[in-house]
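Asks: sequence first, predicted model second:
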Amino acid sequence: MQLDCIVLAGGLGTRLQSVVSEKPKCLADINGKPFLFYLAKQLQKYAIRKLIFSVGYKKEMIIDYVEKHSEEFPFEIIFAEEEEPLGTGGAVLNALQYSDTEDFLVMNGDTFFNIDIHELFAFQKSKMADCTLALKPLQNTDRYGLVTINASDEIESFEEKKENTSGLINGGIYCVFRKAFENIPFTKKFSFEKDFLEKFITERNMVGFVQNAYFIDIGVPDDYAKAQHDFLNYTNL
C-alpha cells in the first residue's frame, strides 16, 4: 500500500472558540495531549508514506508542536501552508503538490474516526473508485447531513441536516484517486464537500465504506467535553 495522507488543519474553529480560543482546533487539549496526537497514533498503525499538514490559521503553533514532538510523528512530514483561506478543496489541491501517490488519503484535523485504513484502501481498489468516503451509521444525525448509498455501495445523494433522523454520515476520511481529482479545473478556493463530492457525484465513481467504528467530531463544545472522557481509554476506542 502506497498512501500519502493530507490532514486538513487550517480551519478557524469558530464553533469551538468559547472553549478553545487561543489555538487551532487540531491542537485542542484532550487530557494533556493535543487532538493531533491521537490522529497521529491512529495513522501509525498503517503504511502511510507522507503526512502532509494543510495549515493556515495559527499555523506556526501547529508547525512548532509537530517539530518539537517528532517522535510522535514517524512519517515524512510536510507542511502545505496557506497564505489565505482556500476552503477544504483548495487546501487539498494545494497540499497535493507534495504527494505523488496514485491514491491519497484526506482526513479532517478535528474528527477522529477509528476505521481500518488498510480496509478502506482495499475497498477503494476493489471498487475501482475515484473517491471512497468513510461513512458512520448514527442514530441521531441532527448535527450532520446524511449520505445515501445503493446496494453496490455507490453514493446516491447528500442530504442537508434534518432533526430526528438516523442514517449514514460523512466520517471525514476519504481515499481519492489522484487523476480523478486533479483533472477537474477547480478555482483556487473551493469546498471539497460541495464543489467536488456533491457536484461530481454522477461524473465520478464515488462509493461509501460503511464502518461502525468509534467516531467523534470535537468541533462543538459538547463533543469536545465528551472527548475528554472517551480518550481516557484511547487504546480501547
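Replies: Received the coordinates, thanks. All figures in this text were calculated on a predicted structure; none of them were measured in a lab.
Asks: would you map the helices across the chain?
Replies: Secondary structure of the chain (DSSP state H): helices located at 35-43, 59-68, 87-96, 117-126, 178-182, 192, 221-230.
Asks: buried residues, the fifth one. List them.
Replies: Going back to what we said before, that points to helix 178-182. Neighbour counts over helix 178-182 (16 or more other Cβ atoms under 10 Å) mark Arg178, Ala180, Phe181 as buried. C-beta here means a position set from N, CA and C on the backbone, and glycine is covered the same way.
Asks: ok, back up a step: quick one: closest of the helices of the chain to Pro74.
Replies: When the helices of the chain are compared for distance to Pro74 using Cβ to Cβ, the nearest one is helix 35-43, at 8.5 Å.
Asks: so which helix or strand of this protein has the lowest pLDDT on average?
Replies: Ranked by mean pLDDT, DSSP states H and E, the helix or strand of the chain with the weakest confidence is helix 221-230, at a mean of 90.
Asks: tell me the angle of that one relative to helix 35-43?
Replies: Using axes from the mean of the first three to the mean of the last three Cα atoms, to 10 degrees, the direction of helix 221-230 lies 60 degrees away from that of helix 35-43.
Asks: from memory Asp142 sits against Thr165, does it?
Replies: Yes - with contact defined as Cβ atoms under 8 Å, Asp142 reaches Thr165; the gap is 7.3 Å.
Asks: more neighbours, these two?
Replies: For Asp142 versus Thr165, neighbours defined as other Cβ atoms under 10 Å are more numerous around Thr165 (16 against 11).
Asks: quick check: pLDDT value at Leu237.
Replies: pLDDT for Leu237: 62.
Asks: try Phe37
Replies: 93.
Asks: burial count for it?
Replies: Neighbours around Phe37, by other Cβ under 10 Å: 21.
Asks: how about it, what does it touch?
Replies: Contact analysis of Phe37 by Cβ atoms under 8 Å, 6 or more residues apart in numbering lists Ile30, His69, Glu72.
Asks: how many neighbours does Phe75 have?
Replies: 16.
Asks: from Phe209, how far out is the residue nearest to it when sequence neighbours are not counted?
Replies: Of all residues not flanking Phe75 in the chain, Leu51 sits nearest, at 4.1 Å (Cβ to Cβ, 6 or more residues apart in numbering). Per Cβ to Cβ, to the nearest Å, Leu51 is found 21 Å from Phe209.
Asks: what of Thr111?
Replies: Thr111 is 15 Å from Phe209, by Cβ to Cβ.
Asks: just to revisit the earlier point, mind giving me the ChimeraX select for the contacts of Phe37, buried ones only?
Replies: Filtering the contacts of Phe37 down to the buried ones (16+ other Cβ under 10 Å) takes a single ChimeraX command:
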select :30
